[in-house]
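> Here you go, sequence then predicted model.
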Amino acid sequence: MTRTGRAERTTKETSVVVEISLDGTGKVDVSTGVGFFDHMLDQLGRHGLFDLSVKTDGDLHIDSHHTIEDTALALGAAFRQALGDKRGIVRFADASVPLDESLAQVTVDLSGRPYLVHSEPDGLAPMIGPVYDTTMTRHILESFVAQAQVALHVHVPYGRNAHHVVECQFKALARALRHASEIDPRQTGIPSTKGAL
């Protein structure tokens with residue numbers, strides 16, 4: 001079984017194509033024009049063992065907001081498509097990932113209901129690189145959750161370096177999504193008393 005998803009999003013601000021395979025090897029080909037965001041998507045694919053292709057052309061002459069937001073929306077839509085009917089998946093997972101002085105704790109439920117709880121240390125540097133606004137991290141997660149229709153809790157209890165704080169979130173997210181979307185050999189149906197997710 002190959003579980004793949006593809007999403008296209010075209011607006012007056014951006015053009016996005018995302019392709020994902022949940023049962024990949026971590027092969028990543030990403031180009032959004034936002035270097036740090038590309039780095040984070042690379043973490044997501046490699047540590048999730050997802051084969052991930054992302055091509056985004058956006059209005060970076062304005063700022064990076066639309067490019068990042070629309071890419072995250074398309075990523076969520078592609079992920080949801082790749083899950084299919086969710087038959088046999090583990091469904092719930094969590095991961096804790098340190099990066100030097102920072103720690104991220106991520107818990108996910110592939111529930112079919114979008115919900116985000118997010119916390120990270122205050123006082124982070126406002127920018128990482130020339131165009132990545134650190135406040136976009138939460139918005140990326142909000143956008144992904146809205147389209148993937150998952151419940152996601154992300155908590156960074158401590159950390160000082162903004163790069164580390166954001167990167168450990170993406171690594172932990174990758175690990176949690178990987179484990180939650182894996183096929184459980186003992187699970188023959190939909191992992192819900194409702195019979196649907």
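Sure, I can see it.
> Could you pull out the helices in the protein for me?
Using DSSP state H, the helices of the chain run over residues 35-48, 65-83, 136-148, 162-181.
> on contacts alone, who are the packing partners of the shortest one?
For helix 136-148, the packing partners by 3 or more C-beta pairs under 8 Å, 6 or more residues apart in numbering; DSSP states H and E come out as helix 35-48, helix 65-83, strand 115-119, strand 151-158, helix 162-181. C-beta: built from backbone N, CA, C; applies to glycine.
> What residues sit buried inside the first one?
This means helix 35-48. 36-48 (16 or more other C-beta atoms under 10 Å).
> and the helices and strands packed on helix 136-148 as a markdown table, adding mean pLDDT and distance to residue 128?
Compiled in a markdown table, the helices and strands packed on helix 136-148 are given as follows (pLDDT from 0 to 100; distance: least, C-beta to C-beta, whole Å):
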| stretch | mean pLDDT | distance to residue 128 |
| --- | --- | --- |
| helix 35-48 | 98 | 5 |
| helix 65-83 | 98 | 12 |
| strand 115-119 | 98 | 17 |
| strand 151-158 | 98 | 14 |
| helix 162-181 | 98 | 5 |
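> Now for the nearest residue to residue 115 once chain neighbours are set aside: which residues touch it?
The shortest distance from residue 115 to any non-neighbouring residue, by C-beta to C-beta, 6 or more residues apart in numbering, is to residue 151 (4.4 Å). Shown in contact with residue 151 (C-beta atoms under 8 Å, 6 or more residues apart in numbering): 108-109, 111, 113-116, 145.
> Just tell me which of the helices and strands packed on helix 136-148 ends up closest to residue 90.
Nearest to residue 90, of all those, is helix 162-181, at 5.5 Å by C-beta to C-beta.
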